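A.B. asks: Make a model of this:
(chains A and B)
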Amino acid sequence: MRTSECDVVVVGVGGQGVILISEIIGRAAMLAGLSVRGVETHGMAQRGGSVINHIRVGCNYSAMISPGSADVLIAMEPAEALRYAHYLSSEGVALVNTKPVLPVTVTTGQASYPPMEEILAPIRNACSEVRAMDATGLATKAGSPQATNVVMLGALSKHLPIEEATLMEALSETVPAKFLEINRKAFELGKIEVE
Amino acid sequence: MVFILREYLLGNVAIAKGILEAGAGVVSGYPGTPSSEIVDFLAPLAKEHGIHVEWSVNEKVAMEVAIGASWTGTRSVVTMKHVGLNVAADPFMTLAYLGVGGGMVVISADDPYCHSSQNEQDSRRYAHFARVPCLDPADPQEARDMILRAFALSEEFGVPVMVRPTTRVSHARSDVEVGSPGKRKENPSFEKNPPKRVALPVHARPLHVELLDKQAGIEAALAKEVWNKAEMRGKIGVIASGIAGLYAEEAIAELEADVSLLRIGTYPMPREMIGDFLERVERVLVIEELDPVVEEFAEMVAKERNPKVEILGKRSGHVPSVGELDPLTVRNAIAEMIGLPKKTAPEMSPEVLSILPPRPPTLCPGCSHRATYYAMKKAFGKDAIYPNDIGCYTMGVGMGTVDTCLCMGASITVGAGIRFGGEEKGICAVLGDSTFLHSGLTGLLNAAYNDARMTVTILDNSITAMTGHQPHPGTGCTACGETSPSLSLEDICRSLGVGFVETADPYDLESMIETFERARDHPGLSVVLAKQACVISAIRSGVRRPKFKVDEDKCGGCKKCVRFGCPAIEFDGEVAKINALCSGCGVCAQICPQKAIEVVK
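C.D. replies: Below is the predicted model of the structure:
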């Protein structure tokens, strides 16, 4: 028996706005009258470390998503997509931003950053569909690379059991008014990218 | 009239809202992941609600402030992380004897898996140790509800009540029903009553008896709580506490299995309920985070009620004894017990994962701690002993200047012990300013008093950075933003008896190295204050320094700057490059032997 309508795992690097995505989805779910659970990475891992958030829409249990059961994996960073790909269910979808954030282990030459294809191939084997996109480029086009997270949210929107208008309402409640237009555009570009 | 609102809240915010609803008048705490957001959320609201909210200097202090407040009849709360309760254990243990006035709630947030901690201790053990009730929430809603119940219970029995969220409750978000803020008690006053307030032996002995006599009543009151509930579905059962109860509920629903479930949320545990459950099952799996507290109790109850029942759990190896639980682990433990196949997560092969570069948390671009460590190593050498402490700076472990980390303040004291133990090499202990004020002062006094020949470096960034930039007495303001008396760490160190005290700016590498050299050569105890604002606070307060770039014609590719380890410096195979993360500290420019790093004009 399914215990949640939609399980989303959001991963990235501390500072990429992963928590904002959870916040918008959570608010939207509430507006839609759905129960919602989430869990965030705070503390030590935020200092440039890898972060993972779980969001469960239409769920009354704990906020934790089990490995092998996420319907969608949103990765703000490609290497992080692979690091957490085991959360995906075999029917799941991965939405991957292709813009790398080099960890200090790479910049200091202790490790190297793998080619994009080597990252994406094993994720393709783990789920039903991988949508790789230059979300950071799309966000820049919308007006600010800071809106990368909202591009990813736009790409996610059709997978959520929430109306687009409700997501937009939650978006406008969450982001500062002066950046709303950029974020609307970013959302739209993300949505079109996966159509 | 109480209005109930439904909001999407962080667990710690749900707790904070519960505190407001309960009409608490005093809230104190010391920052510590995963507990910090409770006071963070309440401090800006303190004025509006007429309550006193403070970041205290340490957890013992915070606990005692909350105790004093409670003794005026005001409801009070103290918040901390699990290891903070070790610091506050002294007042906590005796408070249970003396009892409270107004309801007092002790929030001790546990961190299974040590996401941001030095150990995995279980606060429920402390509650039991002190004979204090403990409520163990499974999610943000329960956390908010339990806060309200905790105050009432505390006042009913005159004891403090512990609420123990775990990381996955404190940092979970969910739709939570909250009510409107309550009113704090009017006309608070301290009433003199030595037999109840003065822990002299003559008072403590009868108070101990009183505390033990209260236990049966507390247990009976808690047994009826909604957080303890049994659902009978068959002869095989699960007993699960706190968040593990939710995991078990979900696993049983997903497996569509006829497994009975008893959820436990309160301590002392409902003995009768557990006994009844054990009588009706043949085999039971006990699931809980951290220590086998429920499991050991169930084994004890089974001896009286059903000695034949088979009890599985951590002791039988069915549930892991370390780390944190998750729904899959719980599902598989239940599946194994009832003979259903385990579910294996689609693991990536080690070969696939080996292509991934590690991404450990690191010091920020431009963090002055990195520069301090660099200078320290230049002066003391790689063979010197570097006792370290709890804070962001422990992340410098890769630089070779972090040799020990035990608990708050232990850098100085462990360092002194290493000297007295007979180590002859140079010793340079390191701790942050917040940690120094928390529990380094007594250690420094002791080092001066007992003449420990060593250097102590205080990384003074004027903030408690690791936990989210909370102010402390060195910051110049309180949790609520009020200006506080200015503090001189130099004067404090001198007055504790330290003969050599000097301050230097880590961004000025040469002077930092020279200061360390003088401290190293000082014949007794020396203190170096490495003073520079936390780079995150500086950026937030509007400080903008010009960025730096590498002149590629001058760069010889020696990688000296790259090895410094700042995330803003990259190597492209031939020459170094400075990326957009540069905050303009300029330390790399001072390291470069070719003078190839310069300010962007």
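A.B. asks: Spit out the contact partners of A:His86.
C.D. replies: A:His86 makes contact with A:67-68, A:126, B:345-348, according to CB atoms under 8 Å, 6 or more residues apart in numbering or on different chains. Quick note: C-beta positions are derived from backbone N, CA and C, even for glycine.
A.B. asks: For B:Ser439, give its distance to A:Ala85.
C.D. replies: Here the criterion is CB to CB, to the nearest Å. By it, B:Ser439 lies 43 Å from A:Ala85.
A.B. asks: which of those two has more neighbours?
C.D. replies: A:Ala85 (31 against 22; other CB atoms under 10 Å in any protein chain shown).
A.B. asks: where does the chain dip in pLDDT?
C.D. replies: Because you didn't say which chain, this covers chain A. Scanning chain A for pLDDT under 70 picks out the ranges A:43-46.
A.B. asks: Please refer instead to chain B.
C.D. replies: B:1-2.
A.B. asks: So it: which segments form each domain?
C.D. replies: Using automatic domain parsing, the domain parsing of chain B gives B:5-222, B:229-337, B:368-540, B:548-599.
A.B. asks: Pull up the distance across the first one, start to finish.
C.D. replies: Translated: domain B:5-222. Its start and end residues considered, domain B:5-222 measures 26 Å (CA to CA, to the nearest Å).
A.B. asks: swap in stretch B:514-533?
C.D. replies: Stretch B:514-533: ends 21 Å apart by CA to CA.
A.B. asks: so how far is that stretch off the chain centroid?
C.D. replies: Distance of stretch B:514-533 from the chain centroid (CA atoms, centre = their mean, to the nearest Å) equals 30 Å.
A.B. asks: How about the secondary structure of the residue nearest to A:Thr107 when sequence neighbours are not counted?
C.D. replies: In this structure, A:Thr107 finds its nearest non-sequential neighbour in B:Glu570, 4.3 Å apart by CB to CB, 6 or more residues apart in numbering or on different chains. Here B:Glu570 is recorded as strand under DSSP: H, G, I helix; E, B strand; the rest coil.
A.B. asks: again, but for A:Ser66
C.D. replies: For A:Ser66, the assignment made with three-state DSSP gives coil.
A.B. asks: wouldn't it be in contact with B:Val330 here?
C.D. replies: No: under the criterion of CB atoms under 8 Å, A:Ser66 makes no contact with B:Val330, lying 9.2 Å away.
A.B. asks: Let me know whether stretch B:250-262 sits next to chain A.
C.D. replies: Yes: using CB under 8 Å from any CB of the partner chain, stretch B:250-262 reaches chain A at B:250, B:253-254, B:256.
A.B. asks: on that earlier part again, which of A:Ser66 and B:Val330 has more neighbours?
C.D. replies: B:Val330 (28 against 24).
A.B. asks: Next up, phi/psi of that one, please.
C.D. replies: Dihedral angles of B:Val330 (phi, psi; degrees, to the nearest 10) stand at phi -70, psi -40.
A.B. asks: need the contact list for it.
C.D. replies: Neighbouring residues of B:Val330 by CB under 8 Å, 6+ apart: B:240, B:244, B:247-248, B:251, B:287, B:319.
A.B. asks: And the furthest pair within these?
C.D. replies: Greatest spatial distance in those: B:Ala251 and B:Val319, 12.2 Å, computed using CB to CB.
A.B. asks: More neighbours: which of the two?
C.D. replies: In terms of neighbours (other CB under 10 Å), B:Ala251 is the more surrounded of B:Ala251 and B:Val319; the figures are 28 against 23.
A.B. asks: The residue nearest to that one when sequence neighbours are not counted: what secondary structure?
C.D. replies: Excluding the flanking residues, the one nearest B:Ala251 by CB to CB, 6+ apart is B:Arg331, at 3.9 Å. Three-state assignment for B:Arg331 (three-state DSSP): helix.
A.B. asks: how many neighbours does B:Arg331 have?
C.D. replies: Neighbour count of B:Arg331, defined by other CB under 10 Å: 22.
A.B. asks: and if you look at B:Ala14?
C.D. replies: Under the neighbour criterion other CB under 10 Å, B:Ala14 is assigned a count of 31.
A.B. asks: Quick check: it touching B:Val176?
C.D. replies: Yes: using CB under 8 Å, B:Ala14 is in contact with B:Val176, at 4.7 Å.
A.B. asks: neighbouring contacts of the lengthiest helix in chain B?
C.D. replies: Secondary structure assigned by DSSP state H gives helix B:201-223 as the longest helix of chain B. For helix B:201-223, the surrounding residues in contact (CB under 8 Å, 6+ apart) are B:94, B:96-99, B:131, B:133, B:153, B:156-159, B:194-196, B:199, B:228, B:266-273.
A.B. asks: hmm, try it at 6 Å
C.D. replies: Defining contact as CB atoms under 6 Å, 6 or more residues apart in numbering or on different chains, one finds that helix B:201-223 is touched by B:96-97, B:131, B:133, B:157, B:195, B:266, B:268, B:270, B:273.
A.B. asks: If you count neighbours, what's buried in the helix or strand following it?
C.D. replies: Using DSSP states H and E, the next helix or strand after helix B:201-223 towards the C-terminus is strand B:229-231. Using 16 or more other CB atoms under 10 Å in any protein chain shown as the test for burial, strand B:229-231 gives B:Ala230.
A.B. asks: and strand B:229-231, what other elements does it pack with?
C.D. replies: Judged by 3 or more CB pairs under 6 Å, 6 or more residues apart in numbering or on different chains; DSSP states H and E, strand B:229-231 is in contact with strand B:260-264.
A.B. asks: before we move on, back to that, joint contacts of B:Ala14 and B:Val176?
C.D. replies: Counting by CB under 6 Å, 6+ apart, the common neighbours of B:Ala14 and B:Val176 are B:140, B:144.
A.B. asks: tell me which parts of the stretch 1-150 of chain B are close to chain A?
C.D. replies: Counting by CB under 6 Å from any CB of the partner chain, the stretch 1-150 of chain B comes close to chain A at B:8, B:33, B:116.
A.B. asks: Can you report how many residues neighbour the second one?
C.D. replies: By that I understand B:Thr33. By other CB under 10 Å, neighbour count at B:Thr33 equals 23.
A.B. asks: same thing with the one 4 residues further on?
C.D. replies: Taking other CB under 10 Å as the criterion, the count of residues near B:Glu37 is 23.
A.B. asks: before we move on, back to that, which of the contacts of B:Val330 lies closest to chain A?
C.D. replies: Among those, B:Tyr247 lies closest to chain A (CB to the nearest CB), at 5.7 Å.
A.B. asks: nearest residue to B:Asp383 other than its sequence neighbours?
C.D. replies: Closest to B:Asp383 by CB to CB, 6+ apart is B:Lys425, at 5.8 Å.
A.B. asks: Check B:Arg563 too.
C.D. replies: Spatial nearest neighbour of B:Arg563, excluding adjacent residues (CB to CB, 6+ apart): A:Thr108 at 6.5 Å.
A.B. asks: Report how many residues lie close to the one you found.
C.D. replies: A:Thr108 has 22 neighbours, counted by other CB under 10 Å.
A.B. asks: mind checking the backbone torsions on it?
C.D. replies: Main-chain dihedrals, A:Thr108, degrees, to the nearest 10: phi -90, psi 0.
A.B. asks: Would you map the strands across chain A?
C.D. replies: A:4-13, A:36-39, A:50-59, A:70-75, A:88-97, A:129-133 (DSSP state E).
A.B. asks: With distance to chain B added, can I get the ones you listed in TSV?
C.D. replies: Shown next, in TSV, are the strands of chain A (distance: least, CB to the nearest CB, whole Å):
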stretch	distance to chain B
strand A:4-13	7
strand A:36-39	4
strand A:50-59	5
strand A:70-75	11
strand A:88-97	7
strand A:129-133	14
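A.B. asks: Would you reformat the ones you listed as TSV and include mean neighbour count and distance to B:Thr475?
C.D. replies: Converted to TSV, the strands of chain A look like this (neighbours: other CB atoms under 10 Å in any protein chain shown; distance: least, CB to CB, whole Å):
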stretch	mean neighbour count	distance to B:Thr475
strand A:4-13	24	28
strand A:36-39	27	31
strand A:50-59	24	27
strand A:70-75	26	37
strand A:88-97	22	37
strand A:129-133	17	43
